[in-house]
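S.K.: quick one: sequence and predicted model below, then my questions.
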Amino acid sequence: MEKPYIVSSPPYMRNGETAHCLMFDVYIACLPIALASVYFFGLRAFLIMFLGALTAKMTEAAIQIFFKVGRGSFRDLLTMRPFFYNTISNEEITVVDGSAVVTGLLLALTLPPTVPLWMPVVGSFVAIAFGKHVFGGLGHNIFNPALVGRAFLLAAWPGAMTTWRPPVTWFGSAETVDAVSTATPLAALKMQGQTTPLLDVLIGNCGGCVGETSAIAVLLGAAYLLYKGTISWHIPVSYLGTVCVLALVLGGDPLFHLFAGGLMLGAFFMATDVVTSPVTCLGRILFGCGAGILTMIIRQFGGYPEGVCYAILIMNSLSPLLDRVTAKHVKQNEIQVPLLKRVGKS
Amino acid sequence: MDGFLPTFLRREQAPPKSGKRAHTQPSVRPDVPKRVVIPLQDHPDDPYEVLVEKDQQVAMYQQVGICGSETDSIVAHASVSGKVVDIGSRLHPLGSPVISVTIEACDNGLEVNTRPFREWDGSSVSDFLRQKGLPLSYGCFDTCSVLVVNVTEFEPSFTSGCRLLFEEPEEVTSGLKILLEACSADRAVVMVEKKQPDVVMAVEDICRAVDNVRMEAVDSPCPVTVHELTALQCAYEKNQADTRDQNRMLVVDPQMLVAVHNAYVLGIPFVEQLIALSGSGVHAPHNMWVRHGTMLADIILQAGGNVSTIGRVNIGGPMIGLPQHTLEVPIIKPARGIFAAVALAFDEEHHSRFYQRCACVRCGKCVDVCPAGIVPNIIAELVESRRAEEAAEMGLFSCLECGLCHYICPSIIPLVELFKLGKVRLKGTDALLTFRSFKMLSGEPENR
Ligand code: SF4
Ligand code: SF4
């Protein structure tokens, strides 16, 4: 009797992409932003990003080891003597997939450069523990974990989260401003009615969060993500388009609204987070439009100068609904052949 | 660290075409096989009739049996001349042992009279084509309004359809003409892929030669399972009183057009087909004319493969097909290719831990590529939680089982397996399009 062949259901081909590759793409896309932030805000920006990413990874590792290897009890964890082996061989430990680092990094990018160094640590912990693992880990979270962390920090320590400082001047020019605090372009516009030159906003030479000031760096990273197909164009285009149109309608400067604040970072890195955005094309476009409308409402009429974070969080909660509404439904017994629709027409 | 580091280039959204060489190579005609096994059934419960006896000498093209019942049948012909050595149960590629006629080839000088259509005393062309053993969707022969010729090759390494266009353009043209007159369709559409300019040129020639034929250049190839889905749609709409949708389609491929021409003009039954051989198990991907009922082992030996190293063999291609556990099965009429892979490195055994299945990250890539326009991740989730009825409402039965979503999914979710599982749970194996498209007689679907 010859050996029977392997029988498994076709297809037998994959393009070899794994969830980890998606995360790695985001690291690469974050690189120009990180470089720009270190250039504008000094090594402190690097420290913030490093601490954010490290804490996120460690939190996820701790949670997974405790609940997966130790099955939720310290006694189990201690009596499992081949601890190291159990940890690396356990299939449910997915901390290596790198999604935690993405969360920590993205969270750090939304913090002001002046925050005390324990804030990224606390924020990352909250983001991973309460933004992600409470819901069941990667793929099950409803809200973008990085934004959950930021929203928590903003609510708990609003003072520290809204203290900004001007970019450092590296080549020691004499007229270094002594002012420790400055305003972000949006806050300056809202509170003092004062506009910042567009070029400064574009390259990032103004006050703001670690990663959001330099629109050019964000666009560079986004171009890579779009090329790799990690994100699709639907959400950024509809988001930015809506903001543009609303800015025109409400009488603002559309370009300023596009490049100032965290809109670029939000549209390309936060709103497009794969887990919390809708899957259908139409759903994604609606998601972007909704986020754009909410952002402009908060910016123009709300108490905060910046509304990207809350707009995206609110739309995140709607994305299962958008999926359900925009998915194709077929009637009982009906058969549809969409592929041949155009062919059948005479 | 396979699967850990990213590739800096964009990943393919659909399997890359790998049949470039076979696309330009002429197809080969191997020696006559020593033995053929001609199945008379698709399933052990199907009706059949044997027209020969054991130890009888048969000629090539002689009728050996009838598959199916009175109302729906096609005739099986001997694909070699020789002696009937056995009439009994043999394994069929669809998985069950069915009654088959085994013929040992020898040159016995017998001949049968092959009569073309003008010498035939029957009435309709469809009956004539049944007599000649063509596995067409006869259910929509009289109700269709468009005849669609699918020249696109969905399987990445298959080129047999295009080769037929290059090698036998007159036959294809004449077959199209005959079929267009015979069935109820008033116009025909030839689907080609935009990316294959040589095929587009060949098709343009055909369109010029036949009236009422239009070429439609499509972006992405059309999987073969679409043929069955349109047949189901036809049958469904026939039972509906209102005929609001006038786009009932009969989808055929170039192979069938050549067979129609041969049967109608020359009277030759459908006993030989061009199949594409692909995969690492054969010497090089190429196309080969094989007789029906040739054993897979013979075909693979002829194709320069080493049978002892093969670990997986599939009738059909790497994307849509019927996996086989042995090489002792005959090639069947609807098959257009064989995929054989050597047992060196299957992904399932040699991948790193990054290639494990993990939770769906809802990236939406499967939705973007799906040719049926459904939402695979939600349907898969519903099937897995045993809510197949809800999955059917979301369009589970529109799924073509083409496998593009499986190809692209970064979470390594076996999406197509889940869809097939859902279909089988709801309607049984008869609802599987892959299964139906490899049947000689798919028959009327029960009330769906
Ligand atoms: S759901 Fe998957 S297998 Fe089904 S038609 Fe869509 S891409 Fe193809
Ligand atoms: S491709 Fe896979 S991971 Fe992405 S949405 Fe579809 S099923 Fe989920």
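M.R.: Ah, there it is. Numbers count the residues shown, from 1 in each chain, chains lettered A, B, ... in the order given. Ligands and ions are numbered 1, 2, ... in the order given.
S.K.: can you pull the contacts of residue B:131?
M.R.: By C-beta atoms under 8 Å, 6 or more residues apart in numbering or on different chains, the contact set of residue B:131 is B:75, B:120, B:122, B:269. Backbone N, C-alpha and C define where each C-beta goes, glycine included.
S.K.: gap between the third one and ligand 1?
M.R.: Remark: distance between residue B:122 and ligand 1 (C-beta to the nearest ligand atom, to the nearest Å) = 39 Å.
S.K.: cool, and the first one?
M.R.: Residue B:75 sits 34 Å away from ligand 1, going by C-beta to the nearest ligand atom.
S.K.: does that residue belong to a helix or a strand, and which?
M.R.: Using DSSP states H and E, residue B:75 falls within strand B:73-77.
S.K.: name every strand pairing with that strand and say which way it goes.
M.R.: According to DSSP bridges, strand B:73-77 has the following sheet partners: strand B:63-68 (antiparallel).
S.K.: ok now the partner strand, how far from the chain's centre?
M.R.: Between the centre of strand B:63-68 and the centre of its chain there are 21 Å (C-alpha atoms, centre = their mean, to the nearest Å).
S.K.: check stretch B:117-136 too.
M.R.: Worked out by C-alpha atoms, centre = their mean, stretch B:117-136 lies 22 Å from the chain centre.
S.K.: only alpha carbons, please: show that stretch as PDB.
M.R.: Taking Å, rounded to 0.1, in the frame of the first residue of the first chain, the C-alpha atoms of stretch B:117-136 are listed here in PDB:
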ATOM      1  CA  PHE B 117     -25.000  16.600 -37.000                       C
ATOM      2  CA  ARG B 118     -26.300  16.800 -40.500                       C
ATOM      3  CA  GLU B 119     -26.500  13.000 -40.700                       C
ATOM      4  CA  TRP B 120     -28.200  12.700 -37.400                       C
ATOM      5  CA  ASP B 121     -31.900  11.900 -37.200                       C
ATOM      6  CA  GLY B 122     -32.600  13.400 -33.800                       C
ATOM      7  CA  SER B 123     -34.100  16.800 -33.300                       C
ATOM      8  CA  SER B 124     -32.300  19.300 -31.100                       C
ATOM      9  CA  VAL B 125     -28.600  20.200 -31.000                       C
ATOM     10  CA  SER B 126     -28.600  19.800 -27.200                       C
ATOM     11  CA  ASP B 127     -29.600  16.100 -27.500                       C
ATOM     12  CA  PHE B 128     -26.900  15.700 -30.100                       C
ATOM     13  CA  LEU B 129     -24.300  17.200 -27.800                       C
ATOM     14  CA  ARG B 130     -25.500  14.900 -25.000                       C
ATOM     15  CA  GLN B 131     -25.000  12.000 -27.400                       C
ATOM     16  CA  LYS B 132     -21.500  13.200 -28.000                       C
ATOM     17  CA  GLY B 133     -20.800  13.300 -24.300                       C
ATOM     18  CA  LEU B 134     -20.300  17.100 -23.700                       C
ATOM     19  CA  PRO B 135     -20.600  18.100 -20.100                       C
ATOM     20  CA  LEU B 136     -22.400  21.400 -20.600                       C
END
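S.K.: average pLDDT for that stretch?
M.R.: Across stretch B:117-136, pLDDT averages out at 83.
S.K.: how about residue B:290, what does it touch?
M.R.: Contacts of residue B:290 by C-beta under 8 Å, 6+ apart are B:30, B:33, B:272, B:273, B:275, B:299, B:331.
S.K.: cutoff 10 Å now
M.R.: B:29-30, B:33, B:36, B:79, B:271-275, B:277, B:296, B:298-299, B:302-303, B:330-331, B:335, B:338 (C-beta atoms under 10 Å, 6 or more residues apart in numbering or on different chains).
S.K.: PyMOL command for the buried members of the residues you listed?
M.R.: Applied in PyMOL, the following selects the buried portion of these according to 16 or more other C-beta atoms under 10 Å in any protein chain shown:
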select buried, chain B and resi 33+36+79+271+272+273+274+275+277+296+298+299+302+303+330+331+335+338
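S.K.: what parts of chain A come near ligand 2?
M.R.: Contact residues (C-beta under 6 Å from any ligand atom) of chain A with ligand 2: residue A:279.
S.K.: so residue B:356 sits against residue B:414, correct?
M.R.: No. Using C-beta atoms under 10 Å, residue B:356 is not in contact with residue B:414, being 11.8 Å away.
S.K.: quick check, central residue of chain A?
M.R.: Residue closest to the average C-alpha location in chain A (C-alpha atoms, centre = their mean): residue A:270, at 2.8 Å.
S.K.: so how far is residue A:303 from that one?
M.R.: According to C-beta to C-beta, to the nearest Å, residue A:270 stands 21 Å off from residue A:303.
S.K.: in what helix or strand does residue 217 lie?
M.R.: In the absence of a named chain, chain A is used. Counting by DSSP H and E, residue A:217 is part of helix A:215-228.
S.K.: please refer instead to chain B.
M.R.: With DSSP H and E as the test, residue B:217 turns up in strand B:213-218.
S.K.: does chain A sit close to that strand?
M.R.: Yes. Under the criterion of C-beta under 10 Å from any C-beta of the partner chain, chain A is reached by strand B:213-218 at B:214, B:216, B:218.
S.K.: show me what counts as buried in that strand.
M.R.: Neighbour count says strand B:213-218 has B:213, B:215, B:216, B:217, B:218 buried, by 16+ other C-beta under 10 Å.
S.K.: who does it pair up with?
M.R.: Here, using DSSP bridges, strand B:213-218 pairs with strand B:187-193 (parallel).
S.K.: tell me which residue in the stretch 151-300 of chain B sits closest to chain A.
M.R.: Going by C-beta to the nearest C-beta, chain A is nearest to residue B:247 of the stretch 151-300 of chain B, at 3.3 Å.
S.K.: checking that residue next. Helix, strand or coil?
M.R.: coil (DSSP: H, G, I helix; E, B strand; the rest coil).
S.K.: contacts only, for the residue nearest to residue A:52 when sequence neighbours are not counted.
M.R.: Excluding the flanking residues, the one nearest residue A:52 by C-beta to C-beta, 6 or more residues apart in numbering or on different chains is residue A:108, at 3.2 Å. Residue A:108 is in contact with A:30, A:34, A:37, A:45-53, A:55-56, A:115, A:119-120, A:123-124, A:146, A:149-150, A:209-211, counting by C-beta under 10 Å, 6+ apart.
S.K.: repeat that with 7 Å
M.R.: A:48, A:49, A:52, A:53, A:120, A:210 (C-beta atoms under 7 Å, 6 or more residues apart in numbering or on different chains).
S.K.: related to what we said a few turns ago, downstream neighbour of the helix holding residue A:217 in the secondary structure list?
M.R.: helix A:234-249.
S.K.: now do the very next helix or strand once past that following helix: which elements does it pack against?
M.R.: Heading C-terminal from helix A:234-249, the first helix or strand you meet, by DSSP H and E, is helix A:254-259. In terms of contacts (3 or more C-beta pairs under 7 Å, 6 or more residues apart in numbering or on different chains; DSSP states H and E), helix A:254-259 is packed against helix A:198-203, helix A:234-249.
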